[in-house]
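S.K.: the sequence isn't on hand, but the structure is:
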């Protein structure tokens, strides 16, 4: 039981880390491979300091990993299952939105 509690606590921390729309955007941008901070700034249209801060938080949580090549730092997803989990959650949310939309149409037809 103690091990389960520890796992739930760790899972909670990962979920808290991913509770930012910007961090989810970063993960989406990294789903097909590593990118530099500059590439992520261009993709996200966010200030470099903001992107760097999010990257640091996600790297500290073990969601991302980084490597240096000369003056560039490349970021990538530490475990591809994180991307799978995010995709699965988006599918659940899409289905919920479709169901709500369907119910609204039914009520509107009255």
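M.R.: That came in fine, so what should we check first? What you are looking at is a predicted structure, and each value in this text was computed from that prediction instead of being measured.
S.K.: what helix or strand is residue 97 on?
M.R.: helix 80-109 (DSSP states H and E).
S.K.: gap between that helix and the chain center?
M.R.: How far helix 80-109 lies from its chain's middle: 17 Å, per Cα atoms, centre = their mean, to the nearest Å.
S.K.: again, but for stretch 76-96
M.R.: With Cα atoms, centre = their mean as the basis, stretch 76-96 stands 8 Å off its chain's centre.
S.K.: for it, buried residues please.
M.R.: Residues 77, 82, 86 are the ones in stretch 76-96 that count as buried (16 or more other Cβ atoms under 10 Å). For every residue, glycine as well, the C-beta is placed using N, CA and C.
S.K.: what about that stretch, average pLDDT?
M.R.: Regarding stretch 76-96, the rounded mean pLDDT is 95.
S.K.: check stretch 3-14 too.
M.R.: Across stretch 3-14, the average pLDDT comes to 90.
S.K.: which other residues reach it?
M.R.: With Cβ atoms under 8 Å, 6 or more residues apart in numbering as the test, stretch 3-14 has contacts from 61, 62, 63.
S.K.: try 10 Å this time
M.R.: Under the contact criterion Cβ atoms under 10 Å, 6 or more residues apart in numbering, stretch 3-14 has outside partners 58, 61, 62, 63, 82, 85.
S.K.: so which of the residues you listed is the closest to residue 49?
M.R.: Compare each of those with residue 49 using Cβ to Cβ and the shortest gap goes to residue 58, at 15.3 Å.
S.K.: would you mind giving the secondary structure of the residue nearest the centre of the chain?
M.R.: Per Cα atoms, centre = their mean, the C-alpha nearest to the average position across the chain is that of residue 24, at 2.9 Å. At residue 24 the chain is in helix, as set by DSSP: H, G, I helix; E, B strand; the rest coil.
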